[in-house]
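1. Provided below for reference: sequence and predicted model.
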Amino acid sequence: MGDKNKSKKVTYSYTTLNELRPNTKADVFGVVKFIKPPYKSRGSDYCTMISITDSSMTGMDDKLKCLLFAKEESMLPSPDVGDIVRFHRLSVSMFRDSLQGQSSPGFAWLVFSGRQKQPVEPKTSSSPTYSFTDSDKDKIRELRSWASKNDEFKENLCSFNDVATGCYFDIYCQVVSTSVIEAGVGRLLRVWDATQCLYNVREVSADSQLEDTQTDEQVHKRARGFIYDVSVFDDHFKSSSHIKPGDYVKFINLHASEWKDNNRSHRPAIEFCLHRGNSFGRCVRVVSADLPDLISLKQRQEIVALDNESFSVTGINSQTAVGNSSGNSQAVAGNRSGSNDRDDVETDVDNHVQYFSHATAQGDKNSVSEKRDNVESNWGKNNMVEDVIVISFQSQEASSLELGDKIDGTKATKPVTDKIRYVESQASSSKAGDTRGADKVRQAGDTRGADKVRQVGKGIATENQRYIFKRAAVSNARAEMTVNSNEKKADQRRCMVQTSTVVLDHPHVNCSQISAVLSHAVPYKFRVRAKMLDFHPKPDSAKTFLQLYCHVCHYLCPYPEKDTIQNGSTVPRLQIGSTFQNVPHFNCPQCFEGKDSLPALDSPPHLKYIFMLRFILSDETGMLMANIWKEDAVQLFQDMQPEDLLRKESNIEIVRDYLNRICPPNTALCDKPWIEGCLRSFHNACGTVYQMFDTFIV
DNA sequence: GATTAGGGTTTG
C-alpha cells in the first residue's frame, strides 16, 4: 500500500547501501545481483531473496541480501538479474555477521528494467500507486549507467542455435508440451524458440505410467521440426507445475550438458537440463506473452509456422518431428518436413539462380573504382576493400531473392552477439578426433596453415585445457578461455562450436546473423556462422573451375576451351605467352588490343589463374550470396594455388574434398556442417556484394 | 500474531 496517500507529503531520502546501519529502516535503490524466485514458506507467507548492490559497495560487502515475505506470491518482486529495485521501509539488521534487509510493515517495492534504453518507469510495483519523482528517474539512469559497465548484470540470452556442449545459458522459448519424467523429481518441458540446435539433442522419455502429457496441438503443429526436450529437476519440478503448453517461459542457467549417445557416438549430442537448486539464479518461469523480449522469437515462429502450415496443406507429412535427429530418429529426420529440412530450398536455388556469368572487362574496371577504405570497427588496419568480383545475374535472380526474403523475415537490426559462457568441461570431453583438422593441414604438406591455426590457439589455451587447445585448432578458434576457475565469473566466454571452416586472426569479433548482415550499412565487415546451400562452379575439372585474370587491366575470362575460341565471339582468342611446368600462360588480350607495341612492357602481361567461387550461405535468419576469389580463395583451400590444379590433375580431387567438406552433396541443409567465415560488404555497379575473406577450411 | 528463511560456482 504504502505510498498512495503520502506521495505528496513525504519526500524520501535514499541511503546508499554502504551507509546502512543495523536495526534501522531505510529507503534504498539497488541493482539486482541475485534472485531466489518466490516460494511458499513453511509459515504463512511466500518468501523470496533478492541481493542488491550499488556503486557504493566494495570488497566483502558487495551486496545486501534482502529477505522478503508477502501473503501472496504476486505481492513479491520478481526482477531479473540486472534490473533495478527501489525498496521503501526496508528493515536492516545483522545476520551472521552481515547486514541483511527484510520486509517489514509498510514495505513497498518498485522494479525497473536495468536496460539503458528502456523507459525509466517501473515495470512492476507492490502497489498500483506510488511516489515517483524526477529525482527517482535520475537515480535509475545513474544506476543503469553504472550497471552497464559491469558484466555481472548482463544476461546470457541465447537461442538454441547458439548453444554448444557444456554451456549454461538463458533462453526464452514457448512450451509445446509438459509431462512428468519422475513424479516429484523430474519434469519434461518440450519447447521451441524457432531456431535449431547444432547438435543432436536428447529426446527424453516421460513416465508412461503417468499418462499426464499435456500438449498444445496448435503450437505443436507450428513448431514441428524445432522442438527440443528440456528436463527440469527437484525444486524446479515443483516450481514448473503450473506451466502450461502454450506458455512463454524463460530459463535461467539452463545446461547444454554433454550426452553420451551410445547409438550415435560419432556425433556430439547434448541434453538440456535445469539442474536442482537456484545458484546462478537458476530457474524457469512463465513470462508475459507481451514481453518485448519475445518479439524476435515470435517473428521467427511465424516464419517457421508458415512453412509448417504450407507443408500441411500439401499433405507431405504431418508426422511429428522433434528438432533433433538423435537416437532412433534417423528415419524421422529423413521424413520430416518443415523448415528445418531445406532440401526444398536447395532445389529452388539450383533451379532459379544463374550463379555466375563472368565479368566483362568493363565491369571489372568499374568494380575497381569502387575501392573503399572506410570500413570501420575492430578489424585491424587493413580495411581496404580489394578488387571485387562483378557478377551479373539473369532475371531468375528475383526468384531466389523472394525465397531469401521469406527466410529473412526476422529483419534483425543488429548483429546478435554470442554471449554463451563457456564452462570448463571435464578432460574426458576431449576426443581423439579433435586434432584431425590440424593433422590434415600437415598432411597436405603445407605447414603454414597449421602454424596459423596454432597461432590462433596460442593466446587462448592454458595448461589445464589442452583439449580445448586442440579443439580450438579445429573448430572456430574463437573461444576465450580462462586460466582457472577463479576467473570464471568475470569472463564472458564463448562456446566453441565445431565448424568446417575457421576464421583466422579475428578472435574477438562476434558473429552476425545473415539478416543483420543484409540490413547493415555498407561497406562493413562481419563474422558469420552459416550453412552452405550451394556453391559454384563445381570442381569438375581444373579448366572449368579456374578463371583467368589480368592484374593490369582487370580483364577476366574463363579458361579458353578450344571450341569456345572457334565458335564464340565473346571470348577472344588467347595467345600463349609462355609455358612453364606444362602450364600455359596466356597474354592478356585487352592489354595488347589495338597496340602494336606496349611501352613500358616488354610483352603483354600474362593472365593469372585464379579461383573464383560463389557460395550461397544460409542461417535461420536469411540467405546471402558471398563471393570468394584470388588470395582469399587460396587461403580457404589451405594455400592450394590455382596452377597446382593444372600442374597435377589429381589436385582437383583435393579441392573437391574441401568443398564437399563444407557443402556435402546430397545432404539436407540441416545436416550440413556449419561454416564460419568473414564477409565484407561493398557496393558496386550490381548493388551490394559480399566477399568472403580470412577463412580457412579445416 | 508470530512464523516463515537467512544464496554460494552447477552436471540427472
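-> Looks like it came in fine.
2. residues from the stretch 51-200 of chain A in reach of DNA strand B?
-> Counting by C-beta under 7 Å from any atom of the strand, the residues of the stretch 51-200 of chain A close to DNA strand B are A:51, A:63, A:65, A:67, A:69, A:93, A:95-96, A:100, A:102, A:166, A:168, A:185-186. Bear in mind the C-beta positions are built from the backbone N, C-alpha and C, glycine included.
3. Using neighbour counts, trim those to the buried set.
-> For those, a burial check counting by 16 or more other C-beta atoms under 10 Å picks out A:51, A:63, A:65, A:67, A:69, A:100, A:102, A:166, A:168, A:186.
4. Save the residues of the stretch 51-200 of chain A next to DNA strand B as CSV, and put in pLDDT and distance to A:S240 too.
-> Below are those laid out as CSV (pLDDT from 0 to 100; distance: C-beta to C-beta, whole Å):
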residue, pLDDT, distance to A:S240
A:S51, 95, 23
A:K63, 93, 28
A:K65, 96, 25
A:L67, 97, 24
A:F69, 97, 23
A:S93, 96, 33
A:F95, 94, 30
A:R96, 91, 31
A:Q100, 96, 29
A:Q102, 97, 28
A:G166, 87, 24
A:Y168, 91, 18
A:V185, 91, 12
A:G186, 93, 10
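5. which of these sit farthest apart?
-> A:S93 and A:G166 (40.9 Å; C-beta to C-beta).
6. In strands only, show me the buried ones among the residues of the stretch 51-200 of chain A next to DNA strand B.
-> A:51, A:65, A:67, A:69, A:100, A:102, A:168, A:186 (DSSP state E).
7. Let me know the closest of those to A:D632.
-> Of these, the one sitting nearest to A:D632 (C-beta to C-beta) turns out to be A:Y168, at 36.5 Å.
8. Contacts only, for A:Y39.
-> A:46-48, A:235, A:239 (C-beta atoms under 8 Å, 6 or more residues apart in numbering).
9. repeat for A:V249
-> A:172-175, A:189, A:191, A:243, A:284-287 are the contacts of A:V249 under C-beta under 8 Å, 6+ apart.
10. repeat that for 10 Å
-> A:171-175, A:189, A:191, A:230, A:240, A:243, A:283-287 (C-beta atoms under 10 Å, 6 or more residues apart in numbering).
11. Would you map the helices across the stretch 51-200 of chain A?
-> Secondary structure of the stretch 51-200 of chain A, counting by DSSP state H, counting those that start in this stretch: helices at A:134-148.
12. remind me which residues of it are low pLDDT?
-> By pLDDT under 70, the weakly predicted segments of the stretch 51-200 of chain A are A:59-61.
13. got the CA coordinates for the strand ranked longest in chain A in CSV?
-> Of all segments of type strand in chain A, defined using DSSP E, the longest is strand A:24-40. Extracted in CSV, the C-alpha atoms of strand A:24-40 (Å, rounded to 0.1, in the frame of the first residue of the first chain):
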residue,chain,number,x,y,z
THR,A,24,17.2,0.8,11.2
LYS,A,25,14.7,1.2,8.5
ALA,A,26,15.8,2.7,5.2
ASP,A,27,14.8,3.6,1.7
VAL,A,28,17.1,2.2,-0.9
PHE,A,29,17.8,1.7,-4.6
GLY,A,30,19.8,-1.2,-5.9
VAL,A,31,20.8,-3.3,-8.9
VAL,A,32,19.6,-6.9,-8.6
LYS,A,33,22.6,-9.3,-8.3
PHE,A,34,20.8,-12.5,-7.4
ILE,A,35,17.2,-13.6,-7.0
LYS,A,36,15.8,-16.7,-5.5
PRO,A,37,12.3,-17.0,-7.0
PRO,A,38,9.4,-16.6,-4.7
TYR,A,39,8.3,-19.8,-3.0
LYS,A,40,5.8,-20.8,-0.3
